[in-house]
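Q: sequence plus predicted model, see below.
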Amino acid sequence: MGACNVHWVRAALRLFSCDEESLLSSRFPCRKRRRALEGSLPGRLPLGNLPPEVLHAVVLCFRRGDLQSLAICAAVSRTFLGLCEPLLRRFFVCRGCGCHLLHPKQLATRMASSGVFEDGPALVLSHSGSLPEIAEVPCDAGVTEPPRQREVRRLIKAYYNKALPQTRDFWESKLHMAKVCHTHRLHCNSCSLYLGSKLQLLLDAENTLLLTTICGPYLQEMDKDGPCAADGIGLILHCSGARRQKGRIPSPCGQALCSADSVLSRHHCWRPPGSSVEGAWYINEFLPGSVDVGQPSPRNLAQGSMETADVTCRACGGYVGWKFAKDLEGSRNVHQVGRFGLCCSSIQELTEARQGQKVRGEGEESYDSDSATSAATSSLQLGSNRYMSSFDDVGQVIMGCKAEEVGRRWDRREEDSVQRELDRLFNAGLHKRWRIRVKSRKEFWNDEEKLKFTAIEMTPIDLLQDGKLKFQEVCQSLAAMESR
């Protein structure tokens, strides 16, 4: 076989994504001859440019089994290409404006709970590739954030343990003395919303570590069919008509305000004009055309001085929330600028849930009200100290009553009789045997990978009944042996 035929063989193998080295080795067992042929190969050409006589010669180079393997590889490749196409075409967009920001391959890792951002976990970007839709704003020289030094060090340590394990021993000894600086803030080029920051860890005068991080909830992963995550997608929050200024009073408004996947946090509070302090949700944005934003004015908030603007429903004119317009304390609250707050009393779904009405449409889920829910942590005997979390229905099985009843007793725990009832409730689930169905997932805690267990079903074991059943089985087995 000539060198030309070897070249066409390699072209065919490249087309079918096969291992050309193994097949080439089988056809040319002599290592010296194979190396000489490989060194004399001309430039690569596509298989479609081959003349028919050369294609015939290429086919003759293979055994029947080789051709069968190539055909199977080609069929599998075409099948998997169609299945993997949605994954290959995924991308991340800004939740505020929908602008395409980056591709999943530009992510180095995803941290489940880093503590770097207040609004959610961090996404660590790789240093390769440009991000044209993300603007970098230089921070002031020497800007540091002492409260988050520890979290940033933990994040960088976990990242470089994966990315650069060969240099871990060099910088790990200096990590506890390093200082964290924010060199750049990252903003969306389209809507100017804050996305994340570039971090610089100063180990000493000569060595620094760099990390580009983005807050995960600020982005949404999409493919050609729409959002990838199903949680909250398609669920719309509507105006309840609280503080209505137009139309029939009182009556629900029903104006669509925002989508459920726009909610960043549900643990906030706000004082609407003319009302008392109430719970509020922190969201990315309202739906276009659903609200009107007033003129901003300075206010002293719990997180510092900021300019905020009142937000009213365009349909009923009622106050529904506010907008963080400007940070008056440098860059302390820059992550909130341009985002909004939504008062819980203005959410129709929450108002109806509190009134005990069923809020479930076709293909939709109802939202939980602010009533108490049960959450318990149990110790398991699995050979080591492991713990299992249980919520709601499972917690009700453990406690023997609903979480609301426990909450009412807890509010009156100063009374002796109520305290005895609480002791009885909390002791009821101790040292009992249960049949448990659990689910587990891996999480990182203090740079260690651990399994987190959550109970999804619990059934108490009746020891007396269980003993009777086992005794009956033993008797049946003995009777069967005697009958033989």
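A: Yes, it's here.
Q: list the residues that contact the nearest residue to residue 251 once chain neighbours are set aside.
A: Distances taken as Cβ to Cβ, 6 or more residues apart in numbering put residue 241 closest to residue 251, at 5.8 Å, once the chain neighbours are dropped. C-beta here means a position set from N, CA and C on the backbone, and glycine is covered the same way. By Cβ atoms under 8 Å, 6 or more residues apart in numbering, the residues touching residue 241 are 247, 249-254, 316, 318, 348.
Q: okay, buried residues for stretch 117-137 please.
A: By neighbour count on 16 or more other Cβ atoms under 10 Å, the buried set for stretch 117-137 is 117, 119-125, 131, 133-134.
Q: my error: substitute stretch 303-315 in the last question.
A: Residues 306-315 are the ones in stretch 303-315 that count as buried (16+ other Cβ under 10 Å).
Q: give me the element residue 408 is part of.
A: Using DSSP states H and E, residue 408 sits in helix 403-411.
Q: of the contacts of residue 241, which is the nearest to residue 66?
A: Proximity of the contacts of residue 241 to residue 66 (Cβ to Cβ) peaks at residue 348, which lies at 66.9 Å.
Q: and residue 218, how many residues sit next to it?
A: If you count neighbours by other Cβ atoms under 10 Å, residue 218 ends up with 25.
Q: ugh, wrong one, I meant residue 423
A: Count around residue 423 with other Cβ under 10 Å applied: 11.
Q: give me the below-cutoff pLDDT ranges for the stretch 251-400 of the chain.
A: 354-396, 399 (pLDDT under 70).
Q: keep only those of the buried residues of stretch 303-315 that are in strands.
A: With strands taken from DSSP state E, the overlap with the buried residues of stretch 303-315 comprises 306-313.
Q: now for those residues: which two are most distant?
A: Distances among these were taken as Cβ to Cβ; the most separated pair is 306 and 313, at 22.6 Å.
Q: now, among the ones in strands among the buried residues of stretch 303-315, which is nearest to residue 222?
A: Minimum distance to residue 222 across those is 26.9 Å, recorded for residue 311 (Cβ to Cβ).
Q: what's the helix or strand for the nearest residue to the closest one once chain neighbours are set aside?
A: The shortest distance from residue 311 to any non-neighbouring residue, by Cβ to Cβ, 6+ apart, is to residue 321 (4.5 Å). Following DSSP H and E, one finds residue 321 within strand 319-327.
Q: after that strand, next one along is what?
A: Remark: after strand 319-327, the chain's next helix or strand is strand 340-343, criterion DSSP H and E.
Q: and that next one, what other elements does it pack with?
A: strand 263-270, strand 278-283, strand 319-327 (3 or more Cβ pairs under 8 Å, 6 or more residues apart in numbering; DSSP states H and E).
Q: tell me which residues in the second one are buried?
A: When burial is assessed from 16+ other Cβ under 10 Å, strand 278-283 yields the following buried residues: 280-283.
Q: turn the residues you listed into TSV, including distance to residue 95.
A: Converted to TSV, the buried residues of strand 278-283 look like this (distance: Cβ to Cβ, whole Å):
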residue	distance to residue 95
280	18
281	14
282	12
283	9
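Q: and the two most separated of those?
A: Using Cβ to Cβ, the buried residues of strand 278-283 span at most 9.5 Å, a distance reached by 280 and 283.
Q: okay, and the common contacts of those two?
A: With Cβ under 8 Å, 6+ apart, residue 280 and residue 283 have common neighbours 321, 341-342.
Q: returning to that earlier point: neighbour-wise, which of the contacts of residue 241 leads?
A: residue 316 (25 neighbours).
Q: surely it and residue 240 touch.
A: No: Residue 316 is beyond contact range of residue 240, at 9.4 Å (criterion: Cβ atoms under 8 Å).
Q: identify the contacts common to these two.
A: By Cβ under 8 Å, 6+ apart, residue 316 and residue 240 have these common neighbours: residue 253.
Q: residues contacting residue 287?
A: Residues in contact with residue 287, defined by Cβ under 8 Å, 6+ apart, are 236, 256-259.
Q: beta partners of the nearest residue to residue 456 once chain neighbours are set aside?
A: Distances taken as Cβ to Cβ, 6+ apart place residue 437 nearest to residue 456, at 5.3 Å, with adjacent residues excluded. In this entry, residue 437 is beta-bridged to residue 457, by DSSP bridges.
Q: residue 212 in helix, strand or coil?
A: With DSSP: H, G, I helix; E, B strand; the rest coil as the basis, residue 212 sits in strand.
Q: that one contacts residue 198, correct?
A: Yes: checked against Cβ under 8 Å, the pair residue 212 and residue 198 is within contact range at 5.2 Å.
Q: more neighbours: the two, which one.
A: residue 212 (21 against 18).
Q: next up, the contacts around the more buried one.
A: Contacts for residue 212 were tallied using Cβ under 8 Å, 6+ apart; they are 124-125, 127, 186, 196, 198-199.
Q: cool, and residue 100?
A: By Cβ under 8 Å, 6+ apart, residue 100 lies in contact with 91-93, 133.
Q: filter those down to the ones in strands?
A: Using DSSP E, those in strands are 91-93.
Q: identify each buried residue in stretch 50-61, please.
A: Residues 50, 54, 57-58, 61 are the ones in stretch 50-61 that count as buried (16+ other Cβ under 10 Å).
Q: what is the mean pLDDT for stretch 76-95?
A: The pLDDT scores in stretch 76-95 average 76.
Q: residues making contact with that stretch?
A: 16-17, 99-104, 188, 190-191, 193, 195, 217-225, 228, 261-262, 284-285.
Q: are any of those residues buried, and which?
A: 16, 99, 101-102, 188, 190, 193, 195, 217-220, 222, 228, 261-262, 284-285.
Q: tell me the contacts of the closest residue to residue 301 other than its chain neighbours?
A: Closest residue to residue 301 apart from its sequence neighbours, by Cβ to Cβ, 6+ apart: residue 308 at 7.6 Å. By Cβ under 8 Å, 6+ apart, the contact set of residue 308 is 296-297, 299, 301, 322-325.
Q: can you redo those residues as a markdown table with distance to residue 270?
A: Formatted as a markdown table, these follow (distance: Cβ to Cβ, whole Å):
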| residue | distance to residue 270 |
| --- | --- |
| 296 | 15 |
| 297 | 15 |
| 299 | 11 |
| 301 | 10 |
| 322 | 7 |
| 323 | 12 |
| 324 | 12 |
| 325 | 15 |
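Q: neighbour count and distance to residue 459 added to those residues, as CSV?
A: CSV is the format used below for the contacts of residue 308 (neighbours: other Cβ atoms under 10 Å; distance: Cβ to Cβ, whole Å):
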residue, neighbour count, distance to residue 459
296, 16, 57
297, 10, 58
299, 11, 53
301, 14, 49
322, 22, 48
323, 21, 50
324, 22, 49
325, 19, 54
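Q: ok, so of those, who is nearest residue 70?
A: Proximity of the contacts of residue 308 to residue 70 was ranked by Cβ to Cβ; the top entry is residue 324 with 60.5 Å.
Q: test my guess that the closest one contacts residue 336.
A: Yes: using Cβ under 8 Å, residue 324 is in contact with residue 336, at 4.3 Å.
Q: identify the contacts common to these two.
A: Contact criterion Cβ under 8 Å, 6+ apart; residues shared by residue 324 and residue 336: residue 306.
Q: picking that back up, could you report the neighbour count for the residue nearest to residue 311?
A: Residue 321 has 28 neighbours, counted by other Cβ under 10 Å.
Q: pretty sure it sits against residue 280.
A: Yes: the pair residue 321 / residue 280 is scored as a contact, 7.1 Å apart, by Cβ under 8 Å.
Q: so what's in contact with the two at the same time?
A: Jointly contacting residue 321 and residue 280 under the rule Cβ under 8 Å, 6+ apart are 270, 341-343.
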